[in-house]
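Asks: predicted coordinates and the sequence they were generated for:
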Amino acid sequence: MSDICHDTLQLAELLIAHPSVTPDDAGCMDLIAGLLQSQGFECEFMDSGPEDFRVRNLWAHRPGRSGQTLAFAGHTDVVPTGPLTQWSSDPFTPTHRDGRLYGRGASDMKTSLAAMVVAVREFLDAEPDPALGLAFLLTSDEEGPAVDGTVVVCQQLKARGQAPQFCIVGEPTSVQRTGDMIKNGRRGTMSGKLTVKGVQGHIAYPHLADNPIHRLAPALAELVAVRWDEGNDFFPPTSWQVSNIHAGTGASNVIPGECVVDFNFRFCTESTPESLQQRLSAVLDKHELQYELKWTIGGLPFLTPPGTLVQAVQQAIAAETGLDTELSTTGGTSDGRFIAQICPQVIEFGPPNATIHKVDEHVVLTDIGPLKAIYRRTLENLNASLSA
């Protein structure tokens with residue numbers, strides 16, 4: 001098997017051929033663990049979740065002489081394919097067309113996983129006793145609820161005192177070419193469900209009812225206009241967006257008894273969940289609303305300023321592609337939000353993301369080699385800094 005998986009493209013194709021729709025790992029981690037064990041990694045599975053929704057998690061570790069470790073992190077699960085009739089080829093049969101590799105997970109993120117594994121093999125072939133320790137943190141619960149995946153492994157590593165010092169998450173971060181963008185942080189996400197209470201009644205007798213939509217409207221207008229913070233050099237200002245408003249019985253002559261609003265904050269490091277909750281509640285109280293409010297914090301913001309890891313990746317990208325990579329914190333959340341709670345330096349870097357989650361997901365073949373080379377050169381850069 002190791003001979004078959006010697007090449008990044010071949011390994012990516014093997015992984016794509018495993019129909020690992022979340023949370024089913026479909027054998028991807030067994031394949032990867034076998035390859036890592038042959039390189040001296042100790043592999044430990046930390047499966048979690050109920051039997052009918054079992055999540056596979058892998059922690060693979062190979063200590064280095066310095067006591068400092070870089071972890072490659074990622075997920076083997078993929079989103080559902082959508083209508084098969086809309087795909088130009090079977091999503092779990094890796095297919096080449098027009099210089100591209102097609103298949104579900106080609107970009108998000110099985111090519112990254114393959115590139116990481118091959119980069120580590122090449123690095124260890126050249127440096128069998130490195131100062132830099134190496135690890136892999138993999139889950140099959142990133143595209144799903146993300147409650148039995150990376151967060152579970154991070155909790156165990158923290159309890160054991162085994163947290164890595166550096167981490168590269170293989171999310172597809174590039175835009176036009178591999179290497180043109182890395183994520184050195186992400187915004188936090190916090191959702192709320194607001195239920196404004198009123199009194200149901202006949203629409204012809206409004207004085208006998210209390211319309212919660214009318215009650216809410218002035219407060220909603222004020223919330224839309226709030227400037228929550230100004231952002232900073234790394235993050236845009238915190239945003240607040242309403243995603244759904246529900247009210248009414250379905251009849252046009254009934255004033256509803258309640259109005260439910262779903263909303264979300266994407267917040268930067270200039271705000272905290274507590275400060276945002278307090279400010280929003282203050283607006284609701286100012287308008288004397290009768291309400292219930294439930295909060296869900298999906299993840300805290302994290303930031304890795306330019307330093308050892310960022311510089312190692314930037315130098316690797318420049319050496320392999322000539323690109324002056326852009327640092328960015330835009331986009332949605334990733335498992336980096338969990339890893340950043342135990343690891344001081346976390347970045348995300350992978351291939352272009354234009355087709356992720358889409359029908360006919362693909363990666364350009366000429367992006368694969370540079371991705372692997374950048375991962376390998378990053379290991380070389382970090383190892384050199386620890387050996388100096």
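Replies: Cool, got the structure.

Asks: any chance you could map the helices in the stretch 201-350 of the chain?
Replies: Secondary structure of the stretch 201-350 of the chain by DSSP state H, counting those that start in this stretch: the helices cover 212-225, 273-286, 308-321, 336-339.

Asks: in CSV: those, plus mean neighbour count.
Replies: Bear in mind the C-beta positions are built from the backbone N, C-alpha and C, glycine included. Listed next are those as CSV, based on neighbours: other Cβ atoms under 10 Å:
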stretch, mean neighbour count
helix 212-225, 16
helix 273-286, 14
helix 308-321, 20
helix 336-339, 25
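
Asks: reformat these as TSV; add distance to Thr355 and mean pLDDT.
Replies: Putting those into TSV (distance: least, Cβ to Cβ, whole Å; pLDDT from 0 to 100) gives the following:
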stretch	distance to Thr355	mean pLDDT
helix 212-225	33	98
helix 273-286	33	98
helix 308-321	20	98
helix 336-339	21	96
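
Asks: same list (the ones you listed) but as TSV, adding distance to Ala388.
Replies: Conversion of those to TSV gives the following (distance: least, Cβ to Cβ, whole Å):
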stretch	distance to Ala388
helix 212-225	53
helix 273-286	41
helix 308-321	12
helix 336-339	26
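
Asks: closest one to Gly248 among those?
Replies: For Gly248, the closest of those is helix 212-225, at 8.4 Å, according to Cβ to Cβ.

Asks: may I have the closest one as CSV, with CA atoms only?
Replies: The C-alpha coordinates for helix 212-225 follow below in CSV (Å, rounded to 0.1, in the frame of the first residue of the first chain):
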residue,chain,number,x,y,z
PRO,A,212,-45.1,41.4,18.7
ILE,A,213,-43.9,42.3,15.2
HIS,A,214,-44.9,45.9,15.7
ARG,A,215,-43.2,45.8,19.1
LEU,A,216,-40.0,44.4,17.7
ALA,A,217,-39.7,46.7,14.6
PRO,A,218,-38.1,49.7,16.3
ALA,A,219,-35.7,47.6,18.3
LEU,A,220,-34.8,45.6,15.2
ALA,A,221,-34.1,48.8,13.3
GLU,A,222,-31.8,50.0,16.1
LEU,A,223,-29.9,46.7,16.2
VAL,A,224,-29.3,46.8,12.4
ALA,A,225,-27.7,50.2,12.8
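
Asks: on that earlier part again, and the helices of the stretch 201-350 of the chain: which comes nearest Gly192?
Replies: Of these, nearest to Gly192 by Cβ to Cβ is helix 273-286, at 7.3 Å.

Asks: how about residues contacting the closest one?
Replies: Residues outside helix 273-286 that contact it (Cβ atoms under 8 Å, 6 or more residues apart in numbering) are 188, 190, 192, 194, 219, 222-223, 226, 228, 238, 240, 265, 267, 291, 293, 295, 297, 300.

Asks: let's go with 6 Å and repeat that
Replies: Met190, Ala219, Glu222, Leu223, Phe265, Tyr291, Ile297 (Cβ atoms under 6 Å, 6 or more residues apart in numbering).

Asks: that helix relative to helix 212-225, how many degrees between them?
Replies: 130 degrees (axes from the mean of the first three to the mean of the last three Cα atoms, to 10 degrees).

Asks: off-centre distance for helix 273-286?
Replies: Centroid separation for helix 273-286 versus its chain: 28 Å, with Cα atoms, centre = their mean, to the nearest Å.

Asks: between the helices of the stretch 201-350 of the chain, which one is closest to Gly170.
Replies: helix 336-339 (10.5 Å).

Asks: what's that closest one packed up against?
Replies: helix 150-160, strand 345-348 (3 or more Cβ pairs under 6 Å, 6 or more residues apart in numbering; DSSP states H and E).

Asks: most packed of the ones you listed?
Replies: Ranked by mean neighbour count under mean count of other Cβ atoms under 10 Å, the helices and strands packed on helix 336-339 are led by strand 345-348, which reaches a mean of 25.

Asks: would CSV of the contacts of helix 273-286 with distance to Gly250 be doable?
Replies: Output for the contacts of helix 273-286, formatted as CSV (distance: Cβ to Cβ, whole Å):
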residue, distance to Gly250
Met190, 31
Ala219, 25
Glu222, 29
Leu223, 27
Phe265, 31
Tyr291, 23
Ile297, 33
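
Asks: ok, so of those, who is nearest Phe166?
Replies: Ile297 (25.8 Å).

Asks: spatially nearest residue to that closest one (excluding sequence neighbours)?
Replies: Once flanking residues are discounted, Ile297 sits nearest to Met190: 5.0 Å by Cβ to Cβ, 6 or more residues apart in numbering.

Asks: okay, stretch 375-388 in CSV with CA atoms only?
Replies: Extracted C-alpha coordinates of stretch 375-388, given in CSV (Å, rounded to 0.1, in the frame of the first residue of the first chain):
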residue,chain,number,x,y,z
TYR,A,375,4.0,21.6,3.4
ARG,A,376,7.4,19.9,3.2
ARG,A,377,9.4,23.1,3.0
THR,A,378,7.5,24.5,6.0
LEU,A,379,8.6,21.4,8.0
GLU,A,380,12.2,22.0,6.9
ASN,A,381,12.0,25.7,7.9
LEU,A,382,10.6,25.0,11.3
ASN,A,383,13.0,22.2,11.9
ALA,A,384,15.9,24.5,11.0
SER,A,385,14.7,27.1,13.4
LEU,A,386,14.5,24.6,16.2
SER,A,387,17.9,23.1,15.4
ALA,A,388,19.7,26.4,15.4
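
Asks: residues contacting stretch 126-139, please?
Replies: 29, 57-66, 69-75, 120, 149-150, 153, 164, 382-383, 386-387.

Asks: mind checking which of those are in helices?
Replies: Using DSSP state H, the subset of those located in helices is Met29, Val120, Thr150, Val153, Leu382, Asn383, Leu386, Ser387.

Asks: now render those residues as CSV, adding distance to Leu132 and pLDDT.
Replies: Listed next are those as CSV, based on distance: Cβ to Cβ, whole Å; pLDDT from 0 to 100:
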residue, distance to Leu132, pLDDT
Met29, 23, 98
Val120, 11, 98
Thr150, 22, 97
Val153, 20, 98
Leu382, 5, 98
Asn383, 4, 98
Leu386, 6, 95
Ser387, 8, 90
